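1. 3D, please:
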Amino acid sequence: MSGVAPEGAPSDAMPEGAPSGAIPEGARNSVDRWKAALPAAFGLSPRQRAFRIAGAAAFLCWLAWALWLFDITPQRLWNGLSGLFTIIRLMIPPSPGELWQDILKGIAESVAMAFLGTVLAAVFAIPLGFLGARNIVTSTLLRFSLRRVFDGLRGVDQLIWALAFVRAVGLGPLAGVLALFVSDLATLSKLYAEAIENAERRQAEGVIAAGGSRLMAVRFGILPQVLPLMLAQALYFFESNTRSASILGVVGAGGIGLQIAERIKVRHWDEVAFIIILMVITVALIDWIGGKLRRRLIGGRNAA
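-> Presented below is the predicted three-dimensional model:
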């Protein structure tokens, strides 16, 4: 008869005389099995709940200690905001001042520093990226040592490199270019190595199968795949370095940062506001151009 369970099959029917609303035995067993397999889906255990409470309490204690350590009080914050609003009022209206030629020269220096530092880093990072890639260099010791060098260089901020190069080569844009070059070299090398490791191997294997050497496999099988991504990353770093170059000038590495520092010392806040607006426009323009170039390089939909 249709709709009747075969003999011996498990049934979810409640036993005769069971109270209304009781869970069938088969369903209860199924729930118990799911609880055993996925205990987190059925709520936290007392131990997990205690760990979460302890973690939240530790975080609140750490936050309170940090606020106390840095003497962050509502009164101090209010005084700081009041001073900030005073500076903002003095910035209006922005003015280029009498030495506006120096401002334009500083902007041009910052863009040139960012461009030169990024180009040098991108060029030197290509061979270093291949040396740090797992599918290119099979020597674990060499690859591991090179990756740790990348980590060490990236661990030092650009501002620290700028201070070091100012002492080494003197004041001026050269120190800024070298600081951007060293800092970006390590980061781009690591990014390039990861891109090379994720490249499709079949193209390189096809070059070798056709009689090409290992160097030709790298040149014609791997490099065409990763080169657009490398160029796109270099363009992004150029945008970022344009902002960073303005900060490096504060420590004597040239660029618009030096102009900002000089005007802050003499409290010419209207000229500082003009420089900030000019920097925002410059970075936005570079970002817009770089975005279009990146979309073309990586084959974006809106490339046209």
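2. what ranges do the helices span in the stretch 51-200 of the chain?
-> 74-90, 100-131, 140-154, 158-169, 173-197 (DSSP state H, counting those that start in this stretch).
3. who's in contact with residue 119?
-> For residue 119, the residues meeting the contact criterion (Cβ atoms under 8 Å, 6 or more residues apart in numbering) are residue 234. Using the backbone N, CA and C atoms, a C-beta is placed for each residue, glycine as well.
4. quick one on the thing from earlier: how about the helices of the stretch 51-200 of the chain, which one is nearest residue 260?
-> Of all the helices of the stretch 51-200 of the chain, it is helix 100-131 that lies closest to residue 260, at 8.3 Å by Cβ to Cβ.
5. Out of the helices of the stretch 51-200 of the chain, the one nearest residue 59 is which?
-> Closest among the helices of the stretch 51-200 of the chain, using Cβ to Cβ: helix 74-90, at 21.2 Å.
6. ok, and what's touching the closest one?
-> 267, 269-270.
7. got it, and stretch 214-223?
-> 130, 136, 196, 199, 203-208, 212.
8. Tell me the buried residues within those residues.
-> Taking 16 or more other Cβ atoms under 10 Å as the criterion, what is buried in the contacts of stretch 214-223 is 130, 136, 196, 199, 204, 207, 212.
9. care to break the protein down by domain?
-> Domain assignment for the chain, taken from automatic domain parsing, gives 51-90, 100-297.
10. which residues sit in contact with residue 230?
-> 122, 126, 129, 188, 192, 195.
11. so which helix or strand takes in it?
-> Taking DSSP states H and E as the definition, residue 230 sits inside helix 223-248.
12. how about that helix: buried residues?
-> Within helix 223-248, the residues scored as buried using 16+ other Cβ under 10 Å are 223, 226, 229-248.
13. do stretch 113-127 as well
-> Of the residues in stretch 113-127, those buried (16+ other Cβ under 10 Å) are 113-122, 125-126.
14. where in the stretch 151-300 of the chain is pLDDT low?
-> Along the stretch 151-300 of the chain, the model assigns pLDDT under 70 to residues 297-300.
15. mind running it again at 90?
-> The model of the stretch 151-300 of the chain has pLDDT under 90 over residues 151-177, 179, 183-184, 186-187, 189-300.
16. Give me the phi and psi for residue 252.
-> Main-chain dihedrals, residue 252, degrees, to the nearest 10: phi 100, psi 10.
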